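Chemist: below are the sequence and a predicted model; questions follow.
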Amino acid sequence: MTATAYLEKLNDQQRMAVEHGVGPAGCGSAGPLLIIAGAGSGKTNTLAHRVAHLIVNGADPRRILLMTFSRRAASEMSRRVERICRNVLGANAALMTDALSWAGTFHGIGARLLRMYAEQIGLNVDFTIHDREDSADLMNLVRHELGFSKTESRFPTKGTCLSIYSRTVNSETPLNEVLRNWYPWVSGWEEQLRELFAGYVEAKQAQNVLDYDDLLLYWAQMVGDPDLAEDIGNRFDHVLVDEYQDTNKLQSSVLMALKPGGRGLTVVGDDAQSIYSFRAATVRNILDFPRQFTPQADIVTLDRNYRSTQPILAAANAVIDLARERFTKNLWTERESAERPKLLTVKDENDQANCIVDQVLANREVGMTLKQQAVLFRTSSHSGPLEVELTRRNIPFVKFGGLKFLDAAHVKDMLAVLRFAQNPLDRVAGFRLLQMLPGVGPQTAGRILDTIAADPEPLVALAEVPPPPRTGEDWTAFIALMAGLRRSGGDWPSDLAQARTWYEPHLERVHEDAETRKADLLQLEQIASGYPSRERFLTELTLDPPDATSDQAGVPLLDEDYLILSTIHSAKGQEWRAVFMLNVVDGCIPSDLGVGTTHEIEEERRLLYVGMTRARDSLTLLTPQRFFTGGQHAQGDRHVYASRTRFIPATLLQFFETATWPIVAHAAGERSARQIRIDVGARMRSMWK
Ligand code: ATP
Ligand code: MG
């Protein structure tokens, strides 16, 4: 093997991980490898180098399976791989990384394999995929059919039912155990839930729809068949997984079935950053990984952080040091700086928003672009006041992990049209679509859907359904649209234009702001033009929808500079020069929405750690003295008084520079005295409210 320049940039441990099992004889002999290390130690970077190194040493990129946490992370990884290969392979690097086509999320890869193997496993290849909301809607339909919602008014909500179902599936744990451990207050409903879940599974099968969990479940079942497992496993010489600490039991089962001996398998992660246990992720996956093989997997640990300055790292280390359980060791860095992270006290959320915007602009004055800065929060709704302030001051931003473009009713309507055309058995789509027709209610819609479902050619049968009373021309137009979509089949994306022409009169009838919504539909068409087929468009959009921006548009403003707003969960794996974290107070982080078990509190601590370790040069934590609870309390909307998060007790204050904002510079005169009186007045009023 020729020593290549890119290897020399790595430290010894990173290099060991990159070169593991890659030698003069090729790269076919690599045994299982675990890279486990703290934040910013170069895990993702090492993984990208490993993929590049494999390719440079003759591995076929079409036979590399790379699984990351989001599609964005996957394409970022492909770009890095290309940059690394470029020096060695020249123009071929782009060709090679283009061929790295099996890079994506667990769910995305699952969907693709299921589509490929649909016939072998008795799945109709036209299956459509339900997002969480569709799944909850289907759960609701089944619940109604079984009569639980009417007779039992205290029956868990559709969302809770779905969460319970999902946890049971993803953790491969029996229902009674899930209820005992996670949902003790609904354990009285076990019998009904069992019946409901059986009905839900049956409905999905009958309607040819899969939910997110099915993508993993069917995949796991598929590789449970020895022949198929071998066939699929043999497609890939190398399987690499980033952020392994956030995978669940089902995902690890899939992985073990793909590579039973562990050959060619590399997983990377950090137990201190495990933040998805609410989706049944388990840190045991990463801790147990080495022992799942004989001989055991090799382990590489990394201890040098390349991301953050020393004072930021010291503060983050101090926070995670208080965790009860931890495998990875503390990190060190050579990035000296005199600037400690800031802990700012502000009066309320409006001041918090103002404070952040002022500082973001000040940073920009000294040469930091907006894109190099991010504001992170525990829960999507926390950024409300900040979004208002940014909009008022005309500062563009993109928000990750919040309300998605696709959640807008009119966009969902359009997608329902396409989904129904693709799979007319999809009842959630069918209900949504048919009820857009004036005069069609749930009963009529249900009857029509029953009729066509009984026919081997549902869309043909649809044309023969007698028009429901009072639908008149609307029905004729609808039938014509469906016939058009059925005929066009693969004529993409003109499908979407057809659907839009049909849908716009409905939009005008129902929504006052029809014009704005029409602009969104054009935007949707633009997004669609980037996909080769209707099926790919629907699948990929459902699995990884685009995020909302300050323009309410679907695609990020690519050339522009914009500030990043993100939930901490969605900020995983990323880094910015300046990071602000808002509402770093008890009740927000840790959130008071959970049950408050030790387990949950520990996860919140890790979440704070993940947030803090995103910062490279500057970190600011904000603690408003009071914040709006957004009506999550039974008493309704109200402000509550807040105190600094318990994860930064007084003993850790030495790691921060503490201050109050705005810094009142003037002498104790008339103005500050009045300000104090006003504050006290507000406090008194809210106490008696
Ligand atoms: P996280 O736990 O947050 O996912 P990570 O361990 O995956 O972090 P990376 O994102 O890969 O870390 O790397 C963090 C930063 O350190 C990046 O900016 C990366 O370019 C840089 N880095 C990693 N390794 C080296 C190295 N050997 N020399 C210089 N910079 C490095
Ligand atoms: Mg990473």
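Modeler: Received the coordinates, thanks. Residues are numbered from 1 along each chain as shown. Ligands and ions are numbered 1, 2, ... in the order given.

Chemist: burial count for residue 92?
Modeler: 12 (other Cβ atoms under 10 Å). In this view, the C-beta of every residue, glycine as well, is placed from N, C-alpha and C.

Chemist: what about it, distance to ligand 2?
Modeler: Distance, residue 92 to ligand 2, by Cβ to the ion, to the nearest Å: 27 Å.

Chemist: for ligand 2, what is the nearest residue in this structure?
Modeler: residue 44 (3.2 Å; Cβ to the ion).

Chemist: am I right that that residue is in contact with residue 268?
Modeler: Yes: taking Cβ atoms under 8 Å as the definition, residue 44 is a contact partner of residue 268 at 7.2 Å.

Chemist: which residues of the stretch 301-450 of the chain lie near ligand 1?
Modeler: Applying Cβ under 6 Å from any ligand atom, we find that the stretch 301-450 of the chain lies next to ligand 1 at 306, 307.

Chemist: can you give me the pLDDT of the closest residue to ligand 1 within the stretch 301-450 of the chain?
Modeler: Relative to ligand 1, the nearest point of the stretch 301-450 of the chain is residue 306 (3.2 Å; Cβ to the nearest ligand atom). If you check residue 306, the pLDDT there is 96.

Chemist: how about stretch 452-471: buried residues?
Modeler: Using 16 or more other Cβ atoms under 10 Å as the test for burial, stretch 452-471 gives 452, 453, 458, 459, 461, 462, 468, 471.

Chemist: avg pLDDT for it?
Modeler: Averaging the model's pLDDT scores along stretch 452-471 yields 90.

Chemist: what do you get for stretch 285-292?
Modeler: For stretch 285-292, mean pLDDT rounds to 91.

Chemist: sorry, back to before: from residue 21, how far off is the residue of the chain closest to ligand 2?
Modeler: Distance, residue 44 to residue 21, by Cβ to Cβ, to the nearest Å: 20 Å.

Chemist: likewise residue 407?
Modeler: With Cβ to Cβ as the criterion, residue 407 and residue 21 are 44 Å apart.

Chemist: and residue 327, by the same measure?
Modeler: 24 Å.

Chemist: more neighbours, these two?
Modeler: A side-by-side neighbour count of residue 327 and residue 21, using other Cβ under 10 Å, places residue 21 first with 20 against 14.

Chemist: quick one: contacts for the more buried one?
Modeler: 27, 29, 30, 31, 33 (Cβ atoms under 8 Å, 6 or more residues apart in numbering).

Chemist: restricted to buried residues, select these in ChimeraX.
Modeler: Only the buried entries of the contacts of residue 21 go into this ChimeraX selection, using 16+ other Cβ under 10 Å:
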select :27,30,31,33
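
Chemist: flag the least confident of the contacts of residue 21.
Modeler: Among the contacts of residue 21, residue 29 carries the lowest pLDDT, at 73.

Chemist: pull up the residues of the stretch 1-150 of the chain that are close to ligand 1.
Modeler: Counting by Cβ under 6 Å from any ligand atom, the residues of the stretch 1-150 of the chain near ligand 1 are 9, 10, 11, 14, 39, 40, 41, 42, 43, 44, 45.

Chemist: that older thread, doesn't the residue of the chain closest to ligand 2 belong to a helix?
Modeler: Yes: assessed with DSSP: H, G, I helix; E, B strand; the rest coil, residue 44 lies in a helix.

Chemist: show me the contacts for it.
Modeler: 73, 77, 242, 268, 573.

Chemist: of all those residues, the one with the weakest confidence?
Modeler: Lowest pLDDT among the contacts of residue 44: residue 73, with 90.

Chemist: in what helix or strand does that one lie?
Modeler: Element membership of residue 73 [criterion: DSSP states H and E] is helix 71-89.
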